[in-house]
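Asks: sequence plus predicted model, see below.
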Amino acid sequence: MTKIAFLGAGNMGQGMIRNFLRRGHEVTVYNRTLEKARQLEADGAKLARTPREAATGFDAVFSMLTNDEASRACWVGVDGVFAANLNPGTFVIECSTLSNPWVLELSRLAAARNLRFLDCPVAGRPDVAAAGQLNVFVGGNPQDVEAVRPLLDSISKKITHFGPVGTGNAFKLIYNVMGAIHVAALAEGMFACEAAGIDLAAAAEAFSIGATGSPHVVRHSGYMSRGTHENPVQFSGRSRVKDIGYGVAFIEGVGAQAVIGHAAQEVFRQMGDHDMSDLNDSELIDTLRIAHGHSRPK
């Protein structure tokens, strides 16, 4: 049994936490809104009022948070993890999708405290997290990766170690930009089919089985053609804009090109223009309809 502190009990975090509990680990959870974590308490987790309280005396601290600001507050805030009494060698495992500069800064802060840092962003939606079938992208010392592999096995179907600290995050940012491009292109393609009088169910099938097919296309084309979307929201337009922003900044920062990434971000920003940014990314097609004077399906 490992004593785990877990920061963030959103849709993704809850699935990961439950899988740790099923494997017999002791888990203490911090969430900004404590009431949202009450069900986890019923499942066997303990709740903490602050990140500092959650992390004190634990073997590993996992984080699954929204953005840089939330991560920074939990790690270095007044009642953050780094204010806790952490044993030397404690694992600091950041699973959130964050900017690369902040991940590298966080790794330096951890190293200065003799803590072992891994960037371990994950790929998969909340249903995948609940099933323990996430893809984990790891950056860090090989010995540290092997030491935490049994923990990562609790939440994943595949662990890919990309290299030193920062490389797991770097890959995840590129990966998310590519995924967003798939969804943005699909929304535009499906809307174009509709405007041309093409049946959307037929279009969804043809896009999915043809060379245009990808897991994103297969999943999202069905929602777009049926006009029904996931409830509760699984991946919002707001999150897409945030992730693309971190991604294109990283890509251009290493001297590569992100022209299509910028275009995808502009497409998703239209969701905010129509007060739809907190809806599913698949509902982007409805934003395009509204933006071009069409009605949203009932």
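Replies: Received, thanks. Remember, it's a predicted structure, so these values are computed and weren't measured experimentally.

Asks: now do the domain split for this structure, please.
Replies: Following automatic domain parsing, the chain resolves into domains at 3-164, 170-291.

Asks: Pro297 is nearest to which of those?
Replies: With distances scored as C-beta to C-beta, the stretch of the domains of the chain nearest to Pro297 is domain 170-291 (3.9 Å). For every residue, glycine as well, the C-beta is placed using N, CA and C.

Asks: and the strands in the stretch 101-250 of the chain?
Replies: Assigned by DSSP state E, counting those that start in this stretch, the stretch 101-250 of the chain shows strands spanning 116-119, 122-123, 134-139, 156-163.

Asks: nearest to Ser214, of those strands?
Replies: Among the strands of the stretch 101-250 of the chain, strand 122-123 sits nearest to Ser214 (C-beta to C-beta), with 13.2 Å.

Asks: partners of the closest one in the sheet?
Replies: strand 134-139 (antiparallel) (DSSP bridges).

Asks: the strand it pairs with to strand 156-163, inter-axis angle?
Replies: Counting by axes from the mean of the first three to the mean of the last three C-alpha atoms, to 10 degrees, strand 134-139 points 20 degrees away from the direction of strand 156-163.

Asks: send me strand 134-139 as CSV with only the CA atoms.
Replies: This file holds the C-alpha atoms of strand 134-139, laid out as CSV (Å, rounded to 0.1, in the frame of the first residue of the first chain):
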residue,chain,number,x,y,z
LEU,A,134,-5.5,6.1,-19.7
ASN,A,135,-2.4,6.6,-21.8
VAL,A,136,0.3,8.1,-19.6
PHE,A,137,3.1,10.3,-21.1
VAL,A,138,6.1,10.5,-18.7
GLY,A,139,9.1,12.7,-18.5
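
Asks: which residues are in contact with it?
Replies: 16, 95, 118-124, 128, 145, 152, 155-172, 175 (C-beta atoms under 8 Å, 6 or more residues apart in numbering).

Asks: filter these to the buried ones?
Replies: Among the contacts of strand 134-139, the ones that count as buried by 16 or more other C-beta atoms under 10 Å are 16, 95, 118-124, 128, 145, 152, 155-156, 159, 161-162, 165-172, 175.

Asks: would you map the helices across the stretch 101-250 of the chain?
Replies: In the stretch 101-250 of the chain, the segments counted as helices under DSSP state H, counting those that start in this stretch are 126-130, 142-153, 167-195, 200-209, 215-226, 237-253.

Asks: dump those helices into a markdown table; add distance to Asn87 and mean pLDDT as well.
Replies: Below are these laid out as a markdown table (distance: least, C-beta to C-beta, whole Å; pLDDT from 0 to 100):
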| stretch | distance to Asn87 | mean pLDDT |
| --- | --- | --- |
| helix 126-130 | 28 | 95 |
| helix 142-153 | 14 | 97 |
| helix 167-195 | 24 | 98 |
| helix 200-209 | 50 | 98 |
| helix 215-226 | 41 | 96 |
| helix 237-253 | 31 | 98 |
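
Asks: now distance to His294 too, for these, in CSV please.
Replies: What follows is the helices of the stretch 101-250 of the chain, written out as CSV (distance: least, C-beta to C-beta, whole Å):
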stretch, distance to His294
helix 126-130, 30
helix 142-153, 45
helix 167-195, 8
helix 200-209, 13
helix 215-226, 14
helix 237-253, 18
